[in-house]
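Trainee: Make a model of this:
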Amino acid sequence: MPINLDRRQFLLGSTALLASGAIAPAQAQDASRLRIYWWGGQARADRTNKVSDLYKSKVNSGLTIDGEYNGSFQDYWTKLDTQVAGGTTPDVLQMDYRYLVQYAKNNTILALDDYVGKSLNLDDFDKDQVDGGKVDGKLYAISLGANSVAMMVNTAAFKEAGIDLPTREWSYDDYKAAAVAWNKANPRGGMRLLEDASGNEPAYENWLRQRGKALYADGKLGWTADDLVEWFKLWADLRANNVCVTPDDQALDANAAIENAMVTLGKAAVTFANSNQLIAFQKVNKDELTMVNFPRAGKGMGGGHYRKPSQFWSISASTSAKDEAVKYVSFFVNDQDAGMILGVERGIPCAKHVRDALAPTLSPPDQLSLNFVSNLGDLLGPLPPVPPSAAGEIDKELTTKSQEVAFGQTSPEDAGPAFYKQAADILARAS
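Mentor: Just a heads-up that it's a prediction; the model follows:
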């Protein structure tokens, strides 16, 4: 089984079966068993299985829990869609913010409102994390942790180059200015300062939000063709000034896996990522890493970040073990012993009592993740609405279009309007 860990955590394209609502009838399921399915690597699997064992020892010793995971985020959804179509949807499944609308509106996952205050305890949950699991006012998903976008920084490479580490005040212009001294120092035979994030949707969204715009607004595009032209021109300038990696190097990271990230491959000192991924990044990087926020769009600008549910648990609408599945999810996010096992690998716990119990026990990288998400200050803005169901396809096409610009196959001026029309057409078809 592959153990690649996806950074962006966005599916590369939506599926025809779910988009059309063509879901097969559910097969009979055993209420004495729970099938649980998630994405992530071995470390996440070990933590999840330990919590399942804890649930059996504390709550229901007669329950059989079958845990299954997929190391590839993309492959996870492909397999899940096959199971949904075949009527074998897992009882409890990991859900992503980007695809919540799609699965809720196709009646694949269960509305949980009737369980709240009963077998589902959300009394101590952060309100923004509860709201993040809602579609059309109904609760379909329980957040497993809060995180934010962040940049992984190779501290050793900066020390070797004699350059100060980036701070929370750095803008894109500051990275460009620092690259002059960085390239003169020529650390590690030509390592660049940044990865090329021109096709990184979270980076584009963050930049838009700082400028008072949004990726999506009321189910439509929240930006214009001119915005994307300016974004592509920003990265064309960074590319021309050797601030970021070459297109050939960036293409090595086609599957957005931590193992292929530019910082992991030694191609760049800074990689765009998510705050809860520090531990996973550190595991595959020999040099010590730290975190910093995404660059400011301009000096003093902020508000691009938000506390995003890193992922959710959702429950199959067709399961015959609804009550047990709800109890399991509630235990997963509320039990303090479970919280000690899970740490912050899926993000900062959303239940305050779990967070308070966990904080003093955290390792330095875990503590860094907690402090980062808790102290975003002027960088923090409100959680955006759940993206429309076709957002995954648009994300995939943004990556493709950015590569065309990077390799000189099209210009920013042509790519912006062309992609805007393409994205608008994708949304129109999905609606």
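
Trainee: mind listing the strands in the stretch 1-150 of the chain by residue range?
Mentor: Using DSSP state E, counting those that start in this stretch, the strands of the stretch 1-150 of the chain run over residues 33-39, 64-70, 92-95, 134-135, 138-139, 142-143, 146-147, 149-154.

Trainee: what's the closest of those strands to residue 247?
Mentor: Proximity to residue 247, assessed across the strands of the stretch 1-150 of the chain by C-beta to C-beta, is greatest for strand 149-154 (20.2 Å). C-beta here means a position set from N, CA and C on the backbone, and glycine is covered the same way.

Trainee: burial count for residue 225?
Mentor: Other residues near residue 225 come to 18 when the count uses other C-beta atoms under 10 Å.

Trainee: and it, what does it touch?
Mentor: 416, 417, 419, 420, 421 (C-beta atoms under 8 Å, 6 or more residues apart in numbering).

Trainee: now do residue 269
Mentor: Residues near residue 269 by C-beta under 8 Å, 6+ apart: 153, 154, 157, 158, 161, 182, 187, 191, 192, 193, 194, 263.

Trainee: quick one, phi psi at the fourth one?
Mentor: Looking back up the chat, that one is residue 158. Phi and psi for residue 158, reported as degrees, to the nearest 10, are phi -60, psi -40.

Trainee: How about it: what's its closest non-neighbour residue?
Mentor: residue 165 (5.2 Å; C-beta to C-beta, 6 or more residues apart in numbering).

Trainee: how about the contacts of residue 269 in JSON lines, adding neighbour count and secondary structure?
Mentor: JSON lines is the format used below for the contacts of residue 269 (neighbours: other C-beta atoms under 10 Å; DSSP: H, G, I helix; E, B strand; the rest coil):
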{"residue": "153", "neighbour count": "19", "secondary structure": "strand"}
{"residue": "154", "neighbour count": "28", "secondary structure": "strand"}
{"residue": "157", "neighbour count": "21", "secondary structure": "helix"}
{"residue": "158", "neighbour count": "22", "secondary structure": "helix"}
{"residue": "161", "neighbour count": "21", "secondary structure": "helix"}
{"residue": "182", "neighbour count": "23", "secondary structure": "helix"}
{"residue": "187", "neighbour count": "21", "secondary structure": "helix"}
{"residue": "191", "neighbour count": "22", "secondary structure": "coil"}
{"residue": "192", "neighbour count": "24", "secondary structure": "strand"}
{"residue": "193", "neighbour count": "27", "secondary structure": "strand"}
{"residue": "194", "neighbour count": "27", "secondary structure": "strand"}
{"residue": "263", "neighbour count": "26", "secondary structure": "coil"}
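
Trainee: is it fair to say residue 269 lies in a helix?
Mentor: No: per DSSP: H, G, I helix; E, B strand; the rest coil, residue 269 lies outside any helix segment and is strand.

Trainee: For residue 364, see how far away it is.
Mentor: Using C-beta to C-beta, to the nearest Å, we find residue 269 at a distance of 20 Å from residue 364.

Trainee: do the same with residue 99
Mentor: 33 Å.

Trainee: ok, these two, which is more surrounded?
Mentor: Of the pair residue 99 and residue 364, residue 99 is the one with more neighbours under other C-beta under 10 Å, namely 25 against 9.

Trainee: List the residues that contact the closest residue to residue 90 other than its chain neighbours.
Mentor: Computed as C-beta to C-beta, 6+ apart, the closest residue to residue 90 that is not its neighbour in sequence is residue 37, at 3.9 Å. By C-beta under 8 Å, 6+ apart, the residues touching residue 37 are 67, 68, 69, 70, 76, 80, 83, 90, 92, 93, 94.

Trainee: Could you list the low-pLDDT ranges of this protein?
Mentor: 1-30, 255-256 (pLDDT under 70).

Trainee: ok, 50 please
Mentor: Within the chain, the ranges that satisfy pLDDT under 50 run 1-29.

Trainee: just the helices in the stretch 51-200 of the chain please.
Mentor: Secondary structure of the stretch 51-200 of the chain, counting by DSSP state H, counting those that start in this stretch: helices at 73-85, 100-105, 127-131, 155-161, 172-185.

Trainee: Tell me which of these lies nearest to residue 55.
Mentor: The closest of the helices of the stretch 51-200 of the chain to residue 55 is helix 127-131. By C-beta to C-beta, the value is 21.2 Å.
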